[in-house]
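In: with the sequence up front, the predicted model follows.
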Amino acid sequence: MMNSESAIGIFDSGIGGLTVLKEVSRILPHENIIYLGDTARVPYGIRSPETVTRYSFECTGFLLKQNIKLLVVACNTVSAISLQRIRESVSIPVIGVIQPGARAAVSSTKNKKIGIIGTETTIKSNAYVNAIKSLDRSIEVFGLPCPLFVPLVEEGWTDGAIAQLVAEKYLKGIADKGADTLVLGCTHYPLLRAVIQDVMRGVHLIDSAVETAKVVRDMLPSADHTGSAGMTRTRRFFVTDSPGKFIAVGGSFLQEEIKNIEKIELP
Ligand code: DGL
C-alpha cells in the first residue's frame, strides 16, 4: 500500500536528474527517494520521439513497481515528448520539468526575450516555446540544441578548457540575440552552470530543477514536508549500466557517497 512514507520516484536518462533529486532533497529532507538513471541508453536527446516514449514507459513501469507515491520526470526530453501520455497511464501525480522552468523564465524576463538550450529532441518539439507563449504571447523565444553538453556532463568534464570552448561555440549565437533570460532546458546542464554563466554574462539562468522541486513540495500534503518523528530518509539509486561511473560523477555532484545503488535491466 502506498502511504506518506512511500518514496518519490525520479528518473532521467543518466545523471542529469540528480540536479532535481538534489533540490527535492534540499527542500523536502524527510522524503524517501528512488532514482533511476537509464545510463545504458543515455543520451535520450538525440533519439526519435517514438524511442524516447518507449524508454520513458519502461522507466515509469520500473518505478511504479517500487510503489512510489509521486513520479518526477527529471528529463526535459521525456517531459517534452511523453509527459502527457505518462500522466494518462498512471494513477499517481506526475511532474515534468518544462512547465515549472517556463513559468520561472516568464517571470524573470524584463526585455521579453528568452533563450532556451536543450537537447535536439526537446528543442525540435517546441515544448518550451509553446509553454512560454501560452503564458505570454508577446515574448520572443530562441531555442538552441547543445548536444555535446550531455556527454561532457556524463564524463564529469563540467569545467576546464574543453567545457569552456564548447559553451563558447554553442552559446555565442544565442548571446547575440539579446535574451536577458536563458533556460537550462536539460537537467544535465545545471552541472555546467559556471561555464554557461561565464559565457552568458549578465543573463539570468533558469534551473528547472529548482523550480520543479518547488512543484513537488506543493503537490505533497503539508504533513509530508516535515516527516514523522524519528523517521530516517532512505535514498535508493538504480542504473541500467556503469554504476561505478554514476557513483563517481554523481557522488561528486551531490557531494556525498552514493551507496545504495543497484544495476538493473529494464524489461
Ligand atoms: N537530462 C535529459 C534532459 O533533460 C536528457 C539528456 C539526454 O539524455 O540527452 O533532456
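Out: Nice, thanks for sending it over. Residues are numbered from 1 along each chain as shown.

In: longest helix in the protein, please.
Out: With DSSP state H setting the assignment, residue counts place helix 49-65 as the longest helix in the chain.

In: for that one, buried residues please.
Out: Neighbour-count burial for helix 49-65 flags V52, T53, Y55, S56, F57, E58, C59, T60, F62, L63 (criterion: 16 or more other C-beta atoms under 10 Å). Every C-beta, even on glycine, is put in place using the N, C-alpha and C of the backbone.

In: just checking, next helix/strand downstream of that helix?
Out: Going down the chain from helix 49-65, the next helix or strand is strand 70-73, by DSSP states H and E.

In: do the helix or strand just after that following strand and the ligand meet?
Out: Going down the chain from strand 70-73, the next helix or strand is helix 76-89, by DSSP H and E. Yes - using C-beta under 6 Å from any ligand atom as the criterion, contacts between helix 76-89 and the ligand involve N76, T77.

In: distance-wise, check I123 relative to I33.
Out: According to C-beta to C-beta, to the nearest Å, I123 stands 29 Å off from I33.

In: revised request: answer the last question for S208.
Out: The spacing between S208 and I33, counted by C-beta to C-beta, is 18 Å.

In: got it, and F142?
Out: With distances defined as C-beta to C-beta, the gap from F142 to I33 amounts to 34 Å.

In: looking at I123 and I33, which one has more neighbours?
Out: Under the criterion of other C-beta atoms under 10 Å, the comparison of I123 against I33 puts I123 first, with 25 against 20.

In: do I have it right that the more buried one meets I116?
Out: Yes - under the criterion of C-beta atoms under 8 Å, I123 lies in contact with I116, with a separation of 6.9 Å.

In: mutual contacts of these two, please.
Out: G143, L144, G185 (C-beta atoms under 8 Å, 6 or more residues apart in numbering).

In: distance from whichever strand or helix holds the second one to the middle of the chain?
Out: Same thing as L144. Take DSSP H and E as the rule and L144 turns out to sit in strand 140-145. Between the mean C-alpha point of strand 140-145 and the mean C-alpha point of its chain there is a distance of 18 Å (C-alpha atoms, centre = their mean, to the nearest Å).

In: as CSV, could you dump the C-alpha coordinates of that strand?
Out: Written as CSV, here are the backbone C-alpha positions of strand 140-145 (Å, rounded to 0.1, in the frame of the first residue of the first chain):
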residue,chain,number,x,y,z
GLU,A,140,10.3,36.1,-28.2
VAL,A,141,11.8,32.7,-27.7
PHE,A,142,15.1,31.5,-29.2
GLY,A,143,15.9,27.7,-29.0
LEU,A,144,19.3,26.2,-29.4
PRO,A,145,20.3,22.5,-29.1
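
In: return the list of strands paired to that strand, each annotated with direction.
Out: On the basis of DSSP bridges, the sheet neighbours of strand 140-145 come out as strand 113-118 (parallel).

In: just after the strand it pairs with, pick out the following helix or strand.
Out: For strand 113-118, the following helix or strand on the C-terminal side (DSSP H and E) is helix 120-125.

In: show me what that next one is packed up against.
Out: Helix 120-125 is packed against helix 49-65, helix 76-89, strand 140-145, with contacts defined by 3 or more C-beta pairs under 8 Å, 6 or more residues apart in numbering; DSSP states H and E.

In: dump these to CSV, plus distance to E168 and mean pLDDT.
Out: Formatted as CSV, the entries for these read as follows, by distance: least, C-beta to C-beta, whole Å; pLDDT from 0 to 100:
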stretch, distance to E168, mean pLDDT
helix 49-65, 29, 98
helix 76-89, 23, 98
strand 140-145, 13, 96
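
In: what residues sit buried inside whichever strand or helix holds R217?
Out: With elements delineated by DSSP H and E, R217 resides in helix 208-219, which encompasses its position. Of all the residues in helix 208-219, those buried under the rule 16+ other C-beta under 10 Å are S208, A209, V210, E211, T212, A213, V215, V216, R217.

In: may I have the phi/psi pair for the closest residue to S242 other than its chain neighbours?
Out: Closest residue to S242 apart from its sequence neighbours, by C-beta to C-beta, 6 or more residues apart in numbering: T39 at 5.4 Å. The phi and psi torsions at T39 (degrees, to the nearest 10) take the values phi -70, psi -20.
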